[in-house]
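K.L.:
Model the structure of this input:
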Amino acid sequence: MSEGASNVVYLVMSVASLGIAIWKLAACLRDPTPTLFLTTTNFLVAAAVYAMATPSIYLAIGEALGRPSFATLPVYVGIVTCFAHLHLITLLWSPREERTAGGARRRVTSWTVAYVVAAALMVVTFSTAELTKPADPLKFNTDYAHDPAILLFLTIFLSTLSCTTLSTWRECRGLKLRDTRMQHALRSFGIAMLFVFGYVVCSAPAIALAATGSHALDGIGLLGSTFGVVGALIAYYGLTGAAISAWLRERRDIRALQPLWNLVVEGVDPDLAFSASSARSHRLATNVTFNLHRRVIEILDGIRALRPWVTSEAAEAVYALHQRGLAQQQANEAGLTDRELQAVATAAALLDASERHHAARRSYPFLDHVGRPQEPSGPSAPLPGEDTPAADERDRLLLVAGVLNDPLIAAALREVRAGRSEAAAGRP
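P.N.:
Next up is the predicted model:
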């Protein structure tokens, strides 16, 4: 890359790294785990590395300290630190049942010590070098390869980078996780490590030849930085892709649950909402996980408030119409699975209960200032799916919310209303 392109690319990468670091820090404060902590510190270090590697900032640091190319030391140590973090993260991602009692801890400790020693050796060798030539941030490796101390510094750097990238790639290939999103992240990690190793493949021969006085491969060495940036981007995707996918899915679920929330919370008792902003939570981009959990809880509270008005008529009408549809081989009704049919029956029962609740609110005296109507006497009918385990409630409610406008429900409710009208007309 040219110096101008490097300025733009590295600054963009620095800002992106800092933004992700702040996002991960917020998640780490909510749910502190070793992997989240390592991910957060990785992005913080990456933000600093890309900022200092930006040619204009790199040169400014050298001028300020009176030592050209001094920024190379924190940049290269920072690169090793970042990829050491990624290696440790993959070690911690190993399934618990595959870990021995202290095996994972020993491996993490051993690799951490090795990386600290490598960084210390880099500091020592760099400090003994004489950096007097004008600094060219993109050609440091080949411009100073003739200096024995810098050559040793670069050897340690490339050896450590090779070790961490190839070890991480090997870990990613061997790990098999149950979570498909995490497995996809691992695959991305593995690909990223190969791209970063491409930096080593490009840089090593260019440095070796430059140490002999020939600069014929300097262009190949410059190409290495492109491999490094591409590898970093893929690694970023691996670290954030699963979280972003989960965030998007949770946002989608909040919006999908909105009609059901309107029916059983806003339409029954607005005081069931956690706050006045609950009705707008599907528009919010922050605290998405909290808002989704809150939405599910509010809906369950609303369903509980509607329970006294639930009858078996609507659900029975749905089942009867579905059986009739099966008998007549109507494709649009015969295709319902058991879970879908239960969701349709639940939605029909809730819509019917909501109508009865509103009718009671209009017909009976209010019992308190929030307008709660008098509950009907006698026990309420069971609601389809009410025995669903708590872990599966989100999926069940999403199904119910998705079928509120199903034609089968409209037909069932028409039958229920017609039956009640006939019963009322025949009542003495």
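K.L.:
Kindly report the domain assignment for the protein.
P.N.:
3-248, 267-426 (automatic domain parsing).
K.L.:
average pLDDT for the last one?
P.N.:
With pLDDT averaged residue by residue, domain 267-426 scores 79.
K.L.:
picking that back up, out of the domains of the chain, deepest packed?
P.N.:
domain 3-248 (a mean of 18; mean count of other C-beta atoms under 10 Å). (C-beta placed from N, C-alpha, C; glycine too.)
K.L.:
so where's the longest helix in this protein?
P.N.:
Ranked by residue count, the top helix of the chain under DSSP state H comes out as helix 218-261.
K.L.:
Check which element follows that helix along the chain.
P.N.:
Using DSSP states H and E, the next helix or strand after helix 218-261 towards the C-terminus is helix 288-306.
K.L.:
just checking, what packs against that following helix?
P.N.:
helix 218-261, helix 338-363, helix 393-402 (3 or more C-beta pairs under 8 Å, 6 or more residues apart in numbering; DSSP states H and E).
K.L.:
For Ala21, find the nearest of the ones you listed.
P.N.:
helix 218-261 (10.6 Å; C-beta to C-beta).
K.L.:
Make JSON lines from the helices and strands packed on helix 288-306 and add distance to Tyr10 to it.
P.N.:
Shown next, in JSON lines, are the helices and strands packed on helix 288-306 (distance: least, C-beta to C-beta, whole Å):
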{"stretch": "helix 218-261", "distance to Tyr10": "8"}
{"stretch": "helix 338-363", "distance to Tyr10": "51"}
{"stretch": "helix 393-402", "distance to Tyr10": "42"}
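K.L.:
if we can go back for a sec, just give me how far the longest helix of the chain sits from the chain centre.
P.N.:
8 Å (C-alpha atoms, centre = their mean, to the nearest Å).
K.L.:
Leu257: which of the domains of the chain is closest?
P.N.:
That would be, of these and by C-beta to C-beta, domain 267-426, which comes in at 5.1 Å.
K.L.:
Run the chain-centre distance for that closest one.
P.N.:
Mean-position distance between domain 267-426 and its chain equals 32 Å (C-alpha atoms, centre = their mean).
K.L.:
again, but for stretch 78-95
P.N.:
Stretch 78-95 has its average C-alpha position 18 Å from the chain's average C-alpha position, going by C-alpha atoms, centre = their mean.
K.L.:
residues in contact with the residue nearest in space to the middle of the chain?
P.N.:
Residue closest to the mean C-alpha point of the chain, counted by C-alpha atoms, centre = their mean, is Ala243 at 0.7 Å. By C-beta atoms under 8 Å, 6 or more residues apart in numbering, the contact set of Ala243 is Ala27.
K.L.:
10 Å instead?
P.N.:
By C-beta atoms under 10 Å, 6 or more residues apart in numbering, the contact list for Ala243 reads 20, 23-24, 27, 36, 39, 181, 185.
K.L.:
quick one: which of these is nearest to His85?
P.N.:
Comparing the contacts of Ala243 against His85 with C-beta to C-beta places Thr39 closest, at 7.6 Å.
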